[in-house]
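Undergrad: model this:
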Amino acid sequence: MKTRTSDILFIAAIIFALWFAAAGWVWVYYANIIYALPFGIAALFIWLKLKKDGRKRNKVIPAILITGLLFSLGWLLYMILVKR
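TA: Modelled structure (predicted):
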């Protein structure tokens, strides 16, 4: 089986998106900006590049990114509103 560039980029985007979703709740001293956000942006750019090949597997990446964004924004709102 031959490994293509799109396969490697897909795996990298999945790993970055999962890291973004897992570390997105870390808003202590705004550490999210350093530890999670760059990986989310990298996964988004990789997905935008992969979106052109039209494979069904590419629908997983934005779903993970949206989940991570919702976790991140939800936790930030919790920190701002409840933990005053």
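Undergrad: Can you pull the phi/psi pair for the closest residue to residue 13 other than its chain neighbours?
TA: With Cβ to Cβ, 6 or more residues apart in numbering as the criterion, residue 13 has its nearest non-adjacent residue at 4.0 Å, and that residue is residue 46. No exception for glycine: its C-beta is placed from N, CA and C like everyone else's. Here is the backbone geometry of residue 46 (degrees, to the nearest 10): phi -60, psi -40.
Undergrad: list the contacts for residue 46?
TA: 9, 12, 13, 16, 61 (Cβ atoms under 8 Å, 6 or more residues apart in numbering).
Undergrad: Next up, the contacts around the third one.
TA: In this case it means residue 13. With Cβ under 8 Å, 6+ apart, residue 13 has these contacts: 42, 43, 46, 47, 50, 61.
Undergrad: Tell me how far residue 83 lies from residue 33.
TA: Distance of residue 83 to residue 33, given as Cβ to Cβ, to the nearest Å: 18 Å.
Undergrad: about what we covered before: of the contacts of residue 46, buried ones?
TA: Buried subset of these (neighbour count, 16 or more other Cβ atoms under 10 Å): 13, 16, 61.
Undergrad: which residues sit in contact with the closest residue to residue 58 other than its chain neighbours?
TA: With sequence-adjacent residues excluded and distances taken as Cβ to Cβ, 6+ apart, residue 58 is closest to residue 50, at 5.2 Å. Residues in contact with residue 50 (Cβ under 8 Å, 6+ apart) are 6, 9, 10, 13, 58, 61.
Undergrad: Which of the buried ones among the contacts of residue 46 sits closest to residue 76?
TA: Using Cβ to Cβ, residue 16 comes nearest to residue 76 of the buried ones among the contacts of residue 46, at 20.2 Å.
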